Structure formats: structure tokens, C-alpha cells
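Colleague: next input, structure requested:
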Amino acid sequence: MVRLPVRNGTALRGVPGRWRAAGAVALVLGMLLWWLLPDGGTAPSGKITFATGAPTGVYARYGTLLQQRMARDVPKLRMELASSQGSVQNIDMVVAGRADFTIAQSDAVAAYLDAGGEDAERLSACARLYDDYMQLIVPAGSPVRSAKDLGGLRVGLGSERSGVSLVAGRLLKAAGLDRDKDIEEVPAGIDRLPGMLERGELDAFFWSGGLPTTAIERLAEKTGIRLVQLGDLMPRLHAMEPETRYYRAAVMPADAYPSVQQGEPVNTVAVANLLVTTDRTDPEVAEALTRSLINSRDQIGNEVHAAQKVDLRTAIYTDPLPLHQGAERYYRAVKP
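Modeller: So this is what the prediction gives:
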């Protein structure tokens with residue numbers, strides 16, 4: 001039971017009733033805040049590093065908006081951003097201690113675990129985020145109608161240590177193509193690929209990202225492009241399990257890129273993204289970041305539409321990684 005301060009044996013004697021009531025409410029709220037915050041009312045402080053991805057990709061924009069939210073929610077905890085080539089490098093950075101948190105595709109995480117990567121057992125996750133959609137972009141007049149038609153062409157497969165490169169290689173394999181022999185591979189990220197396609201230096205490129213991706217929207221404003229369906233590869237991808245077990249059939253809605261799709265949905269392949277960390281991360285920090293991430297869904301979703309898919313009900317499903325202790329504490333606290 002919370003007791004009001006006593007003066008001369010009487011609680012707030014001489015104070016008008018409405019002020020006594022307000023004081024009681026303030027005191028109760030203060031006590032609740034003290035109880036909810038770890039260490040009796042101290043919020044996390046210090047510095048954390050968040051690895052994102054290519055400057056014009058969804059990871060980078062998501063990281064920037066989450067950084068702004070964290071500055072408001074936990075002002076004593078400074079979050080710095082570090083760019084990278086994508087999921088594969090992000091995992092390496094977190095394991096090596098060069099980043100505390102990152103976003104990575106679940107298939108890239110599984111590949112690291114399956115390969116017995118260094119300190120793989122230390123990895124954990126704070127949330128399942130949104131799905132990345134595989135996007136194969138070609139000039140509007142291209143004869144390419146499926147990944148099977150890419151033989152002999154110049155194809156951008158993403159940066160060497162990106163999640164795009166990992167998935168694209170498997171999609172080519174499912175299409176019956178050898179990335180080393182049947183295409184002219186161009187290793188570059190989303191910061192370079194659109195410009196190369198516009199200048200005629202590429203015949204096609206793969207991208208794995210949330211919908212829509214700003215770099216592709218901007219490319220569509222400059223030149224005619226088309227999205228190639230990848231749905232016909234799903235049966236073969238399923239036959240390639242377990243390495244492809246995190247891929248699912250998906251449909252890019254007709255309004256993902258309205259000027260490109262002209263009212264038509266596109267069948268493709270999707271893979272979930274995870275917010276990844278390690279057991280080195282303080283539980284209080286992980287809890288605070290998870291809380292800000294979930295609470296900022298609508299705010300971030302106004303600018304990064306993929307973020308609207310973050311959902312408290314599904315965020316806990318972080319396979320193939322276990323939930324971090326701090327994230328689990330947050331989910332238990334908000335459980336209905």
C-alpha cells in the first residue's frame with residue numbers, strides 16, 4: 001500500500017482536497033515508474049552501435065528512424081549507426097563486437113548457424129521485423145520473363161556480403177543457372193545498381209528489401225523498368241531445403257510500385273528479417289530497444305512502409321534464433 005507523506009501525524013493537513021488527490025495520483029505514478037524501471041528508476045545509458053546496410057536501402061532508413069526514436073525514449077543511451085554491405089556482413093559485425101545490434105535476414109542467420117560460424121551460439125534476437133521481398137528488375141523492354149532467361153546476361157547480385165547475394169545465388173540455382181558460368185555477375189549494392197541499369201551497364205539486377213524500396217522508386221521516375229516474377233521458382237526452392245527453408249511464396253501488391261506494376265501484383269519470394277544481437281548485450285538495453293522498436297511501428301511506418309508489418313503478436317517468432325533475455329522480459333511485461 002502506498003502511503004501519503006505525513007506531517008504532524010496527518011496526511012497533507014491543510015491542503016485542499018483537489019490538490020491532495022492530485023498529489024496522491026502523482027505519487028502513485030512515480031512509484032509505478034520507479035518499480036517498472038530497472039535498478040530502481042535508472043534508465044540504460046552509454047553507447048550502442050547498430051549496423052544497417054547500404055546507404056539507400058531499407059535497413060539504413062529503418063536504422064535512422066529507430067535512432068531518432070531511441071534518442072527520445074532513452075536519451076541517455078546513444079545509438080550510433082554503421083553502414084555495411086548487408087545481412088551477411090551485419091552478422092559478422094555483431095559476432096565480432098563491432099556492432100551491438102543489427103538487422104539480418106533469417107536465411108543468412110541460418111546459414112551462419114549451419115556453417116558453425118564463430119561464436120554462433122552467442123547470437124540471439126529481439127524481434128521478428130518485416131519480410132524482405134525478392135525483386136528482379138529489368139528495363140521495360142527486356143525479353144526476360146523469368147530468372148531462367150538471365151543466361152548470358154549482365155546481372156547485379158548485390159554486394160558480396162549481402163543477403164541479396166545469398167538469396168540471388170539460390171534463385172539462380174533454382175532456375176537451373178550457375179552464377180559462376182551462366183551469367184556475368186556484377187557484385188554491387190542498391191546504392192549503385194539502379195544507376196548502372198539506367199546507363200545500360202546492366203541487363204538486370206536482384207534486390208531483397210521491404211516494399212517499396214526508395215532506390216527502385218527513384219529509378220522508375222527516371223527510366224522505364226519492369227519487375228520480373230519469381231514465383232515459378234518456389235517448387236524448386238522447396239526441393240533445395242533445408243538451406244531454403246526460410247523462403248516463402250509471396251505476392252508484391254499492385255500498389256508497391258504503382259508506376260511500374262500498372263495495377264498488377266507480382267509473384268515472388270520473401271524472407272523474414274530479424275533484429276539480431278548477442279548475449280553480450282545488457283538485458284536492460286535490449287529491453288529498451290525492443291520497447292522503442294515496437295512502440296515506434298506507426299511512426300517509422302509512415303516513412304518505411306515495410307515497418308508497418310512489425311507486430312507484437314509475431315515479433316516473438318525469431319527462428320532460428322532464441323529471444324534475447326531482455327527482449328523476452330519486455331514481451332512478458334506487455335503480454336495481455
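Colleague: drop to CA atoms for contacts and neighbour counts, all remaining ones
Modeller: OK.
Colleague: domain parsing for the protein?
Modeller: 6-36, 46-131+273-334, 132-271 (automatic domain parsing).
Colleague: where among those domains is the average confidence lowest?
Modeller: Lowest mean pLDDT within those: domain 6-36, at a mean of 43.
Colleague: just give the closest residue to residue 282, not the sequence neighbours.
Modeller: Leaving aside its chain neighbours, residue 282 sits nearest to residue 326 (7.4 Å; criterion: C-alpha to C-alpha, 6 or more residues apart in numbering).
Colleague: and the one you found, how many neighbours?
Modeller: 21 (other C-alpha atoms under 10 Å).
Colleague: which stretches of the stretch 201-336 of the chain form strands?
Modeller: 204-209, 225-228, 248-252, 266-278 (DSSP state E, counting those that start in this stretch).
Colleague: ranking those strands by burial, who's on top?
Modeller: strand 204-209 (a mean of 26; mean count of other C-alpha atoms under 10 Å).
Colleague: which other helices and strands contact that one?
Modeller: Strand 204-209 is packed against strand 123-139, strand 154-156, helix 163-174, helix 193-198, with contacts defined by 3 or more C-alpha pairs under 8 Å, 6 or more residues apart in numbering; DSSP states H and E.
Colleague: export that strand to PDB, keeping only CA atoms.
Modeller: Only the C-alpha atoms of strand 204-209 are listed here, as PDB (Å, rounded to 0.1, in the frame of the first residue of the first chain):
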ATOM      1  CA  ALA A 204      19.100  -7.000 -64.800                       C
ATOM      2  CA  PHE A 205      19.600  -6.900 -61.000                       C
ATOM      3  CA  PHE A 206      18.300  -8.600 -57.900                       C
ATOM      4  CA  TRP A 207      17.300  -6.700 -54.800                       C
ATOM      5  CA  SER A 208      16.000  -8.100 -51.500                       C
ATOM      6  CA  GLY A 209      14.200  -5.400 -49.400                       C
END
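Colleague: strands paired with that strand, and their directions?
Modeller: strand 123-139 (antiparallel), strand 154-156 (parallel) (DSSP bridges).
Colleague: and it, how far out from the chain middle?
Modeller: 16 Å (C-alpha atoms, centre = their mean, to the nearest Å).
Colleague: do the same with stretch 249-263
Modeller: Mean-position distance between stretch 249-263 and its chain equals 21 Å (C-alpha atoms, centre = their mean).
Colleague: can you list the strands of the stretch 201-336 of the chain in TSV and add distance to residue 121?
Modeller: Compiled in TSV, the strands of the stretch 201-336 of the chain are given as follows (distance: least, C-alpha to C-alpha, whole Å):
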stretch	distance to residue 121
strand 204-209	26
strand 225-228	38
strand 248-252	26
strand 266-278	9
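Colleague: for these, which one sits closest to residue 73?
Modeller: Comparing those by their distance to residue 73 (C-alpha to C-alpha), the top pick is strand 266-278, with 18.3 Å.
Colleague: that closest one packs against which elements?
Modeller: Going by 3+ C-alpha pairs under 8 Å, 6+ apart, strand 266-278 lies up against helix 87-96, strand 101-105, helix 106-114, strand 123-139, strand 248-252.
Colleague: next, the angle helix 106-114 makes with it.
Modeller: 50 degrees (axes from the mean of the first three to the mean of the last three C-alpha atoms, to 10 degrees).
Colleague: what pairs with strand 266-278, parallel or antiparallel?
Modeller: strand 101-105 (antiparallel), strand 123-139 (antiparallel), strand 248-252 (antiparallel).
Colleague: now those in a markdown table, with distance to residue 281?
Modeller: Output for these, formatted as a markdown table (distance: least, C-alpha to C-alpha, whole Å):
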| stretch | distance to residue 281 |
| --- | --- |
| strand 101-105 | 9 |
| strand 123-139 | 10 |
| strand 248-252 | 31 |
